[in-house]
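[1] Here you go, sequence then predicted model.
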Amino acid sequence: MAVLIFVLRKPLGAFFQPRSAEIREGLEEGRKALADSQARMSAIEAKLRHLEEEIAAFKAAATREMQAERERMRSATVAETEKMLESARSRMEVTTRATKLELRLYVADQALKQAEQMIRGRLDDATRSRLVNQFVARIQ
């Protein structure tokens, strides 16, 4: 048994080295996909920050309009505007949190599915059997 292991050590090492490289490449592709997804998420977050700027611009415009009508309806207009802005912010915060969570879950799920498909595609039954047999042989 020891002689057999000694004799087959180099050919088996040469056989498994390319397979290991393929698996590493697959994992690297998965990492790249994850990085791309994270870049997309950053872009979405930047858009959300831009929305906050738009809200600030909207608030400034509303303030200028309120100053023109200050004499007639100052207190009612200010109160109503603040309620609307607070409601919009609350809705945006809830939507933003839900979207971020959903996006993270989707990205993680897609990365796992892609990695699993890549690994399953590269391992056939014969290769699995050999890997298991080698593992058992190493344990003994």
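    Thanks, I have it. The shown structure was predicted, so the numbers you read here are calculated from the model rather than taken from an experiment.
[2] Now Asn133: which helix or strand?
    In this assignment (DSSP states H and E), Asn133 forms part of helix 125-139.
[3] other SSEs contacting that helix?
    helix 2-68 (3 or more Cβ pairs under 8 Å, 6 or more residues apart in numbering; DSSP states H and E). Using the backbone N, CA and C atoms, a C-beta is placed for each residue, glycine as well.
[4] From the rest of the structure, what touches the helix holding Asn133?
    Contact with helix 125-139 is made by Ile5, Leu12, Arg19, Leu123, as judged by Cβ atoms under 8 Å, 6 or more residues apart in numbering.
[5] Quick check: phi and psi at the last one.
    For Leu123, the backbone dihedrals (degrees, to the nearest 10) come out as phi -110, psi 110.
[6] quick one: pLDDT of the residue nearest the centre of the chain?
    When Cα atoms, centre = their mean is applied to the chain, the residue found nearest the centroid is Val107 (3.6 Å). Val107 is assigned 94 on the pLDDT scale.
[7] for the helix holding Asn133, which positions count as buried?
    Counting neighbours by 16 or more other Cβ atoms under 10 Å, one finds that helix 125-139 has no buried residues.
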